[in-house]
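Asker: Any chance you can model this:
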Amino acid sequence: MSLSLPLSAPPKSLCILRLSALGDVTHVLPTLRTLQQHWPQCHITWVIGKTEASLVNDIPGVEFIIFDKSQGLKAYRELHKKLKNRRFDVLLHMQAALRASLASLLISADIRLGFDRARATNGQWLFTNARIAPLKRQHVLDGFLEFAKALGLEPGTLCWDIPIPPEARESADRMLPDEPFLVINPCSSVRARNWRNWSVESYAAVINHAFETHGLHTVLTGGPAVNEKAYAEAIVTACRHTPVNLVGRTTLKQMLAVLDKAAVVIAPDTGPAHMANALGKKVIGLYATSNPERTGPYCHRELTVNRYPEAIKAEYGKGVEELRWGKRVRNPEAMMRISKEEVQHRLDEAI
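Answerer: You can find the predicted model right below:
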């Protein structure tokens, strides 16, 4: 196949490399759906993380190959074993992380399409032979769509279409209130200096407001990490109107089923916020340490409570436009800039 882009004909085989995380994997789906729509005969393979695969690996027409980073070097050996006699027409290298780039060396492809030089951080540009358009200040989802455009495809109506198995819906239904409910996913993933969580007292105030003003019960969602469970228990204790606590009690598919039945979803910058967005839910994003114009819930950024500009100004003495796109605020107090009153107001608007 010629290395020239855009392609003059559909490729026979294409590999997507995006290992993590949940939110980013969700953002890849409109690109995947664009590929499937335009090239239904193309064999698509996705090299993906173990946890992330449990969310999307039942999407029809895609071969999923799991890269389990917890296995260390063994993960690379397993990937090599699965792909050693295969060659793809196109590799979409959609993760600018060294772990992913090292994995890309085990994927043979004629075209190795990666990010433009500015976004190809951690040396990603060294592992590719083609780049997407160097457009500045895009949402992550729009950046992924540039991969489809570089191949010569024009994305249409955005489509995520994550399957929810009937058994996941049935399991979720047994845990949920019969009345309409608000979902709050209070925590983001545990990472070094990743301060995205709002205060326990503020969440409790919003939960009380939702019930007393709108008659909405609240369901808490989240992962099985010890800190997430403890946070949820603290929120439950602080509330006048006890929420249903499902933190650590659902699979990702069951959580998806819970989110799909929500009237509204409130969350900081975390995977379930983007899962809810993919389901067409109104998502009230809580943002101060990351930029919602880059990583906010894509379809309802107007509902976002955005204290990122003032947090950036306080931390660096500069405006958002003066700093690198996506610059994080590494301050544990930044999320306290969000008041419970403005979140309650956004909830009133959403309802």
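Asker: So Leu246 versus Pro186, what's the distance?
Answerer: When distance is defined by Cβ to Cβ, to the nearest Å, Leu246 is 12 Å away from Pro186. Bear in mind the C-beta positions are built from the backbone N, C-alpha and C, glycine included.
Asker: Residues that sit against both of the two, list them.
Answerer: Counting by Cβ atoms under 8 Å, 6 or more residues apart in numbering, the contacts common to Leu246 and Pro186 are 220, 222.
Asker: And the strands in the stretch 151-300 of the chain, which stretches?
Answerer: In the stretch 151-300 of the chain, the strands defined using DSSP state E, counting those that start in this stretch lie at 181-184, 217-220, 244-245, 264-268, 283-287.
Asker: Let me know which of the ones you listed is tucked in deepest.
Answerer: Of all the strands of the stretch 151-300 of the chain, strand 283-287 has the most neighbours on average by mean count of other Cβ atoms under 10 Å, namely a mean of 28.
Asker: tell me the mean pLDDT for it?
Answerer: What strand 283-287 shows for mean pLDDT is 98.
Asker: neighbouring strands for it, and are they parallel or not?
Answerer: Applying DSSP bridges to the sheet, strand 283-287 is found paired with strand 264-268 (parallel), strand 305-306 (parallel).
Asker: Output those strands in CSV; the columns should cover mean pLDDT and distance to Gln71.
Answerer: Shown next, in CSV, are these (pLDDT from 0 to 100; distance: least, Cβ to Cβ, whole Å):
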stretch, mean pLDDT, distance to Gln71
strand 264-268, 98, 30
strand 305-306, 98, 39
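Asker: got a markdown table for these, with distance to Glu179 too?
Answerer: Shown next, in a markdown table, are the strands paired with strand 283-287 (distance: least, Cβ to Cβ, whole Å):
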| stretch | distance to Glu179 |
| --- | --- |
| strand 264-268 | 14 |
| strand 305-306 | 25 |
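Asker: Pull out the buried positions in the longest helix anywhere in the chain.
Answerer: If you go by DSSP state H, the chain has its longest helix at helix 22-38. Residues 22-36, 38 are the ones in helix 22-38 that count as buried (16 or more other Cβ atoms under 10 Å).
Asker: Now flag whichever of these is closest to Thr242.
Answerer: The closest of the buried residues of helix 22-38 to Thr242 turns out to be Leu22 (Cβ to Cβ; 27.5 Å).
Asker: That closest one and Ile132: what is the separation?
Answerer: Taking Cβ to Cβ as the measure, Leu22 falls 22 Å from Ile132.
Asker: Show the contacting residues for the residue positioned nearest the centre of the chain.
Answerer: Geometric centre of the chain, nearest residue: Gly23, 0.7 Å, by Cα atoms, centre = their mean. By Cβ under 8 Å, 6+ apart, the residues touching Gly23 are 140, 269-271, 273-275, 295.
Asker: just the helices in this protein please.
Answerer: Assigned by DSSP H, the helices in the chain fall at 22-38, 50-56, 73-83, 98-104, 140-151, 166-175, 200-214, 226-238, 252-260, 271-278, 292-295, 308-316, 340-350.
Asker: Determine the set of other helices and strands touching the third one.
Answerer: Under the contact criterion of 3 or more Cβ pairs under 8 Å, 6 or more residues apart in numbering; DSSP states H and E, helix 73-83 touches strand 62-67, helix 98-104.
Asker: Now do the longest helix of the chain and helix 140-151, the angle between them.
Answerer: Relative orientation of helix 22-38 and helix 140-151, computed by axes from the mean of the first three to the mean of the last three Cα atoms, to 10 degrees: 30 degrees.
Asker: State the number of residues packed around Thr237.
Answerer: Residues lying near Thr237 (other Cβ atoms under 10 Å) number 10.
Asker: same question but for Ala205, I mixed them up
Answerer: Each residue near Ala205 was counted by other Cβ under 10 Å, and the total is 19.
Asker: go on, Leu216?
Answerer: 22.
Asker: For the nearest residue to it once chain neighbours are set aside, give its distance to Ile266.
Answerer: Nearest residue to Leu216 in three dimensions, chain neighbours excluded: Ala210, at 4.2 Å (Cβ to Cβ, 6 or more residues apart in numbering). Distance, Ala210 to Ile266, using Cβ to Cβ: 9 Å.
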